[in-house]
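**Student:** requesting a structural model of the entry that follows:
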Amino acid sequence: TEILLKIAFLSKRCFNPGNFWHITDLHLDPTYDQSRSPEVVCASSGKQPAANAGQFGDYVCDSPWHLINSSVYAMKDILPDPDFIVWTGDDTPHVPNEDLGEQKVLQIISNLTHIIKQVFPSTKVYSALGNHDYHPKSQLPAGPNNIYEQIAKMWQDWLEPESQELFKKGGYYTEKLLGRPGFRMLVLNTNLYYDQNKLITNMDDPAGQFSWADQVLTEATNNKEKVYIIGHIPPGFFEKKRGKPWFMAKFNERYLDLIQKHHSVIHGQFFGHHHTDSFRMFYNSKGSPIGTMFLSPGVTPWKTTLPGVVDGDVVTFYLNLTYANAASGSWEKEYRLTESFRVPDASPDSMHLALERIANAQWYLQKYYKFNSVSYDLTECNYNCRVDHVCAAREVDFGMYEECLVKEGTAAIYGGFLSLLAVAASLVLANQ
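**Tutor:** Presented below is the predicted three-dimensional model:
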């Protein structure tokens, strides 16, 4: 029960294969100091005791610098020359707004930007903002502001001039994929759709991002481009807490419409925010799979405080925090998607097959559940757990998700009832 950290790597199986890193939710906590008493090791613990604090961190704290440094250098050791890096945000610690402030937020983002540039000086980075990459957190505005302006300057080596201007206006941009003719990256600021963002409640299209994305994808279709979409907060529901969405309902619906309209050119979606390893399926009106969104877990070992809580292959890497703190251990491969779920690739058809196996076979469900928390939670995923995970992965639409809960819940209860009858029958036979 000591593994929660991961960085993900995906390789495309196509005529000219390539590789890229996906890192997310680094959540650097500059206050981390293992020499202090357990209650004050880090500000992000909220005074929960960090009883096992070591140089690489503790599960009640966000990332110390030593862990960030280790993760980036591990990327360099494992895959030193990726085609590019995807970085999907959330860089500051889980602390009250009054403990941060705008300058501290910018300094943390600057420090993380610096180490990535230092270790990967010639690698293109496509970076999206997280809800913790602003002050006050989650309140990202739908227009120009100082933080967008300053981050655009920090990332100017990674951004083309037109991208910088777009980023300053709304925190989003698009570029042709470096060195890959016919491919495009679409970087979204989905914090503009977050149900905790009070600034966008009465807006229909914050910063005009939906209209802009629709235009970009329409032009990509006309130009026969393939598009990857990245962002921080995903649509749909959190698989670890039933009925917990991230988007406001109207924005969730518009995002779904966008994917369904343009799915033929969208070849992958990569998001973070959950701190768990999961995926989301997108289907057309006939129920055929048309897209997959991959959700990568965070580098931070911090545990959530929520109550109750495309073609190619994905390989994930982790650090055993307990062993590392005991002066041993290294970043290692946890699993390869195609091997673990017996699918040929990470296409929508294959991920649909993987989901059906997870939904219908306890062995696959338990394997997925183990990977979901990076082996932190090894308890049995019971029928309620199965319903939560299967419905979150299968249905991004709010209404369809609720229908899935009823349908799968009824099936689970019926299945459990039949199991009880079978047990009762066996007991009767045994006593005859």
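**Student:** which residue is nearest the centroid of this protein?
**Tutor:** Gly272 (2.0 Å; Cα atoms, centre = their mean).
**Student:** ok, now which ones touch it?
**Tutor:** Going by Cβ atoms under 8 Å, 6 or more residues apart in numbering, Gly272 touches 24-25, 88-90, 130, 232, 295-296, 298. In short, each C-beta sits where N, CA and C put it, glycine included.
**Student:** report the buried members of those.
**Tutor:** 24-25, 88-90, 130, 232, 295-296, 298 (16 or more other Cβ atoms under 10 Å).
**Student:** a markdown table for the contacts of Gly272, including distance to Glu380, pLDDT and secondary structure?
**Tutor:** What follows is those, written out as a markdown table (distance: Cβ to Cβ, whole Å; pLDDT from 0 to 100; DSSP: H, G, I helix; E, B strand; the rest coil):
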| residue | distance to Glu380 | pLDDT | secondary structure |
| --- | --- | --- | --- |
| Thr24 | 28 | 94 | coil |
| Asp25 | 27 | 93 | coil |
| Thr88 | 31 | 96 | coil |
| Gly89 | 33 | 95 | coil |
| Asp90 | 30 | 96 | coil |
| Gly130 | 32 | 98 | coil |
| His232 | 31 | 98 | coil |
| Leu295 | 23 | 94 | strand |
| Ser296 | 25 | 90 | coil |
| Gly298 | 25 | 86 | coil |
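**Student:** go through those residues and name the one nearest His114.
**Tutor:** Of all the contacts of Gly272, Gly89 has the smallest distance to His114: 16.4 Å, by Cβ to Cβ.
**Student:** next one: the closest one relative to Met154, how far apart?
**Tutor:** Applying Cβ to Cβ, to the nearest Å, the value for Gly89 to Met154 is 13 Å.
**Student:** state the pLDDT value of the residue nearest to the centre of the chain.
**Tutor:** Gly272 carries a pLDDT value of 95.
**Student:** quick one, what contacts the nearest residue to it once chain neighbours are set aside?
**Tutor:** Nearest residue to Gly272, sequence neighbours excluded (Cβ to Cβ, 6 or more residues apart in numbering): Thr24, at 3.1 Å. By Cβ under 8 Å, 6+ apart, the residues touching Thr24 are 87-90, 130, 232, 271-273, 296-299.
**Student:** in this structure, which helix or strand is least confident?
**Tutor:** In the chain, the helix or strand scored least confidently by mean pLDDT, DSSP states H and E is strand 3-11, which has a mean of 41.
**Student:** excluding chain neighbours, what is closest to Asn52?
**Tutor:** Closest to Asn52 by Cβ to Cβ, 6+ apart is Asp58, at 5.6 Å.
**Student:** correction: Val396
**Tutor:** Per Cβ to Cβ, 6+ apart, closest to Val396 is Gly236, 3.9 Å.
**Student:** kindly report the same for Val390.
**Tutor:** Ala359 (4.6 Å).
**Student:** looking at it, the one you found is touching Arg386, isn't it?
**Tutor:** Yes. Ala359 is in contact with Arg386 according to Cβ atoms under 8 Å; the separation is 7.4 Å.
**Student:** who has more neighbours out of the two?
**Tutor:** Just comparing Ala359 and Arg386: by other Cβ atoms under 10 Å the higher neighbour count belongs to Arg386, 23 against 19.
**Student:** got the contact list for Ala359?
**Tutor:** Counting by Cβ under 8 Å, 6+ apart, Ala359 touches 365, 386, 390, 394, 408.
**Student:** I should have written Lys169 there, sorry.
**Tutor:** 143-144, 148, 207.
**Student:** quick one, what contacts Pro348?
**Tutor:** 281-282, 289-292, 310.
**Student:** run the last query once more with 10 Å
**Tutor:** With contacts defined as Cβ atoms under 10 Å, 6 or more residues apart in numbering, Pro348 is in contact with 263, 266-268, 281-283, 288-292, 310-311.
**Student:** who does the one helix or strand His389 maps to touch, helix- and strand-wise?
**Tutor:** According to DSSP states H and E, His389 maps onto helix 383-394. With contacts taken as 3 or more Cβ pairs under 10 Å, 6 or more residues apart in numbering; DSSP states H and E, helix 383-394 sits against strand 278-283, strand 289-295, helix 348-360, helix 362-372, helix 398-430.
**Student:** swap in 8 Å and give it another go.
**Tutor:** Applying 3 or more Cβ pairs under 8 Å, 6 or more residues apart in numbering; DSSP states H and E, one finds that helix 383-394 contacts strand 278-283, helix 348-360, helix 362-372, helix 398-430.
**Student:** hey, C-alpha coordinates of stretch 347-355 in CSV?
**Tutor:** Taking C-alpha atoms only, stretch 347-355 is exported to CSV below (Å, rounded to 0.1, in the frame of the first residue of the first chain):
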residue,chain,number,x,y,z
SER,A,347,-7.9,3.0,-29.9
PRO,A,348,-11.6,3.7,-29.0
ASP,A,349,-12.6,0.2,-30.1
SER,A,350,-9.8,-1.4,-27.9
MET,A,351,-10.7,0.8,-24.9
HIS,A,352,-14.3,-0.2,-25.3
LEU,A,353,-13.3,-3.8,-25.2
ALA,A,354,-11.2,-3.1,-22.1
LEU,A,355,-14.1,-1.4,-20.4
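**Student:** please work out the average pLDDT along that stretch.
**Tutor:** 95.
**Student:** list the buried ones in it?
**Tutor:** So, applying 16+ other Cβ under 10 Å, buried residues of stretch 347-355: 347-348, 350-355.
**Student:** what of stretch 331-347?
**Tutor:** 331, 334-335, 337-338, 340-341, 343, 345-347.
**Student:** can I get the contacts of Ala359 in CSV with distance to His94 and pLDDT?
**Tutor:** As requested, the contacts of Ala359 are exported to CSV (distance: Cβ to Cβ, whole Å; pLDDT from 0 to 100):
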residue, distance to His94, pLDDT
Leu365, 30, 96
Arg386, 29, 97
Val390, 29, 97
Arg394, 30, 98
Glu408, 32, 91
